[in-house]
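> Pasted the sequence and its predicted model underneath.
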Amino acid sequence: MKKSINSLILIMCAAVLIAASEVRAQDAAEDSAGLGISAGVEYMSDYLWRGGYWYGGDGAFFPSLSYNVLDTGLSLGVSAELSDAWMFDGRDFYNGTNVRDLHATDFGADYSYTFGDAVTVGAGLWYYLLWNNDYSFLSGYVSATIDMLPLSPTVTYTHDYYTESGDASDFYIQLGVSHGFELMKDASLDLGAVAGYYYADSTNQKGISDIDFSTALTVTKGIISYSAGFHYVIVPSKDFYYGTDGAKDINRFYATFGVSCGI
């Protein structure tokens with residue numbers, strides 16, 4: 001399994017590089033209507049999920065493939081979540097937890113619709129198939145963004161259903177703001193802040209799990225986009241701020257890097 005996943009990532013990276021060379025050879029590709037297909041790889045230096053250390057402080061790779069269905073606002077996607085320490089160092093455990101059990105393949109659908117320039121509503125349904133199926137879960141969300149207000153305030157409600165246990169009591173609410181700046185042609189800077197309240201009844205944890213301040217730079221050349229970002233995360237609730245070593249850990253940081261190809 002490990003070799004096949006590594007091969008998948010290498011194939012996706014190679015596809016991106018081949019596409020990049022095609023862009024340099026033929027700038028006309030920028031004007032093509034496109035098929036709505038996008039493939040990419042993102043790296044997160046410390047995988048935080050709802051404020052918590054998913055791989056015990058390790059980074060993670062996220063190869064992905066998506067299809068925008070005929071510009072209808074519906075997008076279908078598949079992605080993977082893989083610990084970098086497992087991929088490159090063969091590390092299997094942290095704090096008694098098998099890292100491989102927490103690797104996942106994700107399948108989902110997202111839909112969004114914008115009413116004029118006023119409001120954007122969205123909804124999605126994702127199934128997270130973990131390598132240890134005892135942890136697999138289904139997650140659905142609805143969101144609303146008020147585009148006509150400064151900073152585009154957004155509220156998102158997510159509900160989880162754990163397929164093995166049948167537990168459907170967990171939910172996650174996020175409130176956020178964001179603003180984008182066009183630095184030059186094909187280059188943009190996005191700033192954001194979002195706070196999340198996590199009612200994790202399945203693990204007896206409740207409270208504000210994370211407040212995430214972020215900045216991200218995106219540069220696009222033809223069908224290739226490159227991105228880099230930085231996140232500063234505050235974990236205010238005592239139910240969530242203890243680190244992997246048991247010490248109080250409120251301030252957390254991570255960086256992201258990615259490349260994607262859209263055709």
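Received it, and whenever you're ready, just let me know what you need. Numbering: from 1, shown residues only.

> quick one: G222 from D210, how far?
35 Å (Cβ to Cβ, to the nearest Å). Using the backbone N, CA and C atoms, a C-beta is placed for each residue, glycine as well.

> How about V259?
26 Å.

> List the contacts of Y111.
Residues in contact with Y111 (Cβ atoms under 8 Å, 6 or more residues apart in numbering) are G73, L74, S75, G122, A123, G124.

> out of these, which is most surrounded?
Scoring these on neighbours with other Cβ atoms under 10 Å, the highest-scoring entry is G124 at 19 neighbours.

> Pick out the residue nearest the middle of the protein.
Residue closest to the average C-alpha location in the chain (Cα atoms, centre = their mean): F62, at 8.0 Å.

> Name whatever forms a beta bridge with it.
E42 (DSSP bridges).

> I figured it hits S79, correct?
Yes. In this structure F62 lies within contact range of S79 using Cβ atoms under 8 Å: 5.7 Å.

> about what we covered before: in helices, which of the contacts of Y111 fall?
Among these, no member is found in helices (DSSP state H).

> Which one of G222 and D210 is surrounded by more residues?
More crowded of G222 and D210, by other Cβ under 10 Å: D210, with 25 against 20.

> partners of the host helix or strand of that one, with directions?
Element membership for D210 (DSSP states H and E) is strand 205-221. The pairing partners recorded for strand 205-221 under DSSP bridges are strand 187-200 (antiparallel), strand 224-234 (antiparallel).

> Please give the centre-to-centre distance between the first one and its chain.
So the one you mean is strand 187-200. 11 Å (Cα atoms, centre = their mean, to the nearest Å).

> Thank you kindly, that will do.
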